[in-house]
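# Make a model of this:
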Amino acid sequence: MANIQSTPTRAAFDVKSTQDLRSQFQKNPEQGLKAAAQQFEAMFLQMVLKSMRDATPQDGLMNSDQSRFYTGMLDQQMAQDMSTRGSGIGFARLIEQQLGRNLVAGDAAAQLDAPAKAAGNDLPLAVSDTAHLRHVPVPGQLPTSAAYADRLAPRPAATAPTEVPANSREFVNRVWPHAVEASRSTGIPPQFLVAHSALESGWGRSEVRGSDGANSHNLFGIKAGRNWTGPTVEATTTEYVDGQARQVVERFRAYASYEESFRDYAALLRSNPRYSGVIGSQDGMEFARHLQQAGYATDPAYADKLSRIINGPTLRQALIG
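Sure, this is the predicted structure:
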């Protein structure tokens, strides 16, 4: 980012500052970003000064509501002066550097889109061209699964898109909203959670069912331990003992919906100390490895199977839709 002169110091209580800041963004986004970052740092410094004031005795002879009001205005002005003159704590510069990358990305997107618009073609760019610009969803909106597809391991450039089984795409569409909610509480990318549910349920084709065929909505194969007080179903599953696969009958938790299944799964990861290494995992192979190390499953190849789904073409194409 080019070097730009600091924003001139002005009265902290100037009501036109917000309007002027908007004008700066329209005329010069870089200058506007710098001013916004300085204002953010000024707000933080004002909070620090206020905390320091509150920590001192307030029963002096000159203390009153009026004196505290004007002292607050003084602190506000001091905080703004420190920020705009570069004598603050450096937050403004860090914010400017971080958000400045988005300005560069936005300019790049406009340049990529310009030739198509000039030719009269208003079709959106291909997913592979714009995925890196769509990773941050608009606040309040549910992020689409396609925006997360390119976060998986990169595929070779020569590999052609593969046909995705209809059931895989339908499964992803069905569970995606619940995976996003679970992601917000665990810090784990939603596509990893979708992959885990796909492994445990066979992409929805092998969900745990009771003897009467009733669906338990248990997408993660979570068993019902001694402390589980909810409904259960019994089903045959494969467990590995000393590396040997055996068929056993186990009790599994039963849920009323897939939403409830994802919510309980997220709660299990958050509350059980064994899964502390899983929470917040941002790498697919690391996520799978930590799950196996924590004893989520007895299959010695569990991490490898989960990693193949996370980084495989089926999940990627199903996410794109």
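# Residue 288 contacts residue 301, correct?
No: taking Cβ atoms under 8 Å as the definition, residue 288 is not a contact partner of residue 301, at 10.6 Å. Heads up, the C-betas are built off the backbone N, CA and C, glycines and all.
# So if I had to pick from these two, which one is more boxed in?
residue 288 (27 against 11; other Cβ atoms under 10 Å).
# For the more buried one, give me the backbone phi and psi.
Backbone geometry at residue 288, expressed as degrees, to the nearest 10, gives phi -70, psi -40.
# Look up how far residue 183 lies from it.
16 Å (Cβ to Cβ, to the nearest Å).
# count of residues packed around residue 234?
Counted by other Cβ under 10 Å, the residues lying close to residue 234 total 13.
# my guess is residue 251 is in a helix, correct?
No: with DSSP: H, G, I helix; E, B strand; the rest coil as the criterion, residue 251 is assigned strand and is not in a helix.
# Make 23 the first number, not 1, from now on.
In the new count, where the first residue is 23, that last one comes out as residue 273.
# Could you double-check that it sits in contact with residue 254?
Yes: between residue 273 and residue 254 there is a contact under Cβ under 8 Å: 4.8 Å.
# what touches both of the two?
residue 246 (Cβ atoms under 8 Å, 6 or more residues apart in numbering).
# for the record, mean pLDDT for stretch 320-337?
Across stretch 320-337, the average pLDDT comes to 94.
# Ok, stretch 240-259 next?
92.
# Then stretch 309-317?
For stretch 309-317, the mean per-residue pLDDT is 95.
# what's the answer for stretch 274-286, then?
The pLDDT scores in stretch 274-286 average 96.
# And that stretch, what's buried?
274, 275, 276, 277, 280, 282, 283, 284, 285, 286 (16 or more other Cβ atoms under 10 Å).
# next one: stretch 255-268
255, 257.
# So what touches it?
Outside stretch 255-268, the residues touching it (Cβ under 8 Å, 6+ apart) are 230-233, 236, 238, 240, 243, 269-274, 276, 320-322.
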